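Asks: below are the sequence and a predicted model for it; my questions follow.
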Amino acid sequence: MSTDAIVMLKNDHKEIKRVFRDFKNAGPNADAEKGRLVKKIIELLTVHTYLENECMYPQVRELLPDLEDDILESYEEHHVADVLVMELVSMAPSAERFDAKTTVLIENVEHHIQEEEEDWFPKVRKQLSRTQLQKIGAEMLELEKKAPRSPAQPSAVKKVVDAVIS
């Protein structure tokens, strides 16, 4: 398993996009399946954004100050996803707006993933060494052990509340 931070994040993206596809293919009368898939989406996004917000973004921001605008935009894109996730956590899959809200979440995250993979990651890879990316990846692996799995966990809720307040 690679500890290259970009490789790790791209692997997360693949898994997230796979669950997105499963949701889109679930069909109109699959509330139970969609509920299960949204729970999985929420878990994957909660862990992934935690690792980026707590490790990848701050370190890249410090090492590559010229990418600060990209990082600030990414924080805001995470904030939008966090708001939608917080709303989905308390919704029943049979709720009238459940599918629509999940679709908007998916569209926003897919846009974010595309920007990272096509623009931001290449900039980071060009400017950071393999050793630096492996160090960041190793720190992400350690951080993942204590990462929240749901926004209902106190640290994740605090992050969302702090983001809304700021």
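Replies: Sure thing, it's come through. Residues are numbered from 1 along each chain as shown.
Asks: now for the helix or strand where residue 88 lies, which elements pack on it?
Replies: Using DSSP states H and E, residue 88 sits in helix 68-89. On a contact count with 3 or more C-beta pairs under 8 Å, 6 or more residues apart in numbering; DSSP states H and E, helix 68-89 meets helix 31-51, helix 57-63, helix 98-115, helix 154-165. Glycine gets a C-beta too; all of them are placed from N, C-alpha and C.
Asks: for residue 80, which non-adjacent residue is spatially closest?
Replies: residue 108 (5.6 Å; C-beta to C-beta, 6 or more residues apart in numbering).
Asks: residue 45 versus the one you found, what's the distance?
Replies: 10 Å (C-beta to C-beta, to the nearest Å).
Asks: so how far is residue 37 from residue 67?
Replies: Per C-beta to C-beta, residue 67 is found 33 Å from residue 37.
Asks: of these two, give the one with the bigger neighbour count.
Replies: residue 37 (21 against 17; other C-beta atoms under 10 Å).
Asks: my guess is the more buried one meets residue 26, correct?
Replies: Yes - the criterion here is C-beta atoms under 8 Å, and residue 37 meets it with residue 26 at 6.5 Å.
Asks: if we can go back for a sec, what touches both of residue 108 and residue 45?
Replies: residue 81 (C-beta atoms under 8 Å, 6 or more residues apart in numbering).
Asks: okay, those two: which has more neighbours?
Replies: Ranked by neighbour count (other C-beta under 10 Å), residue 108 and residue 45 place residue 45 first, with 21 against 16.
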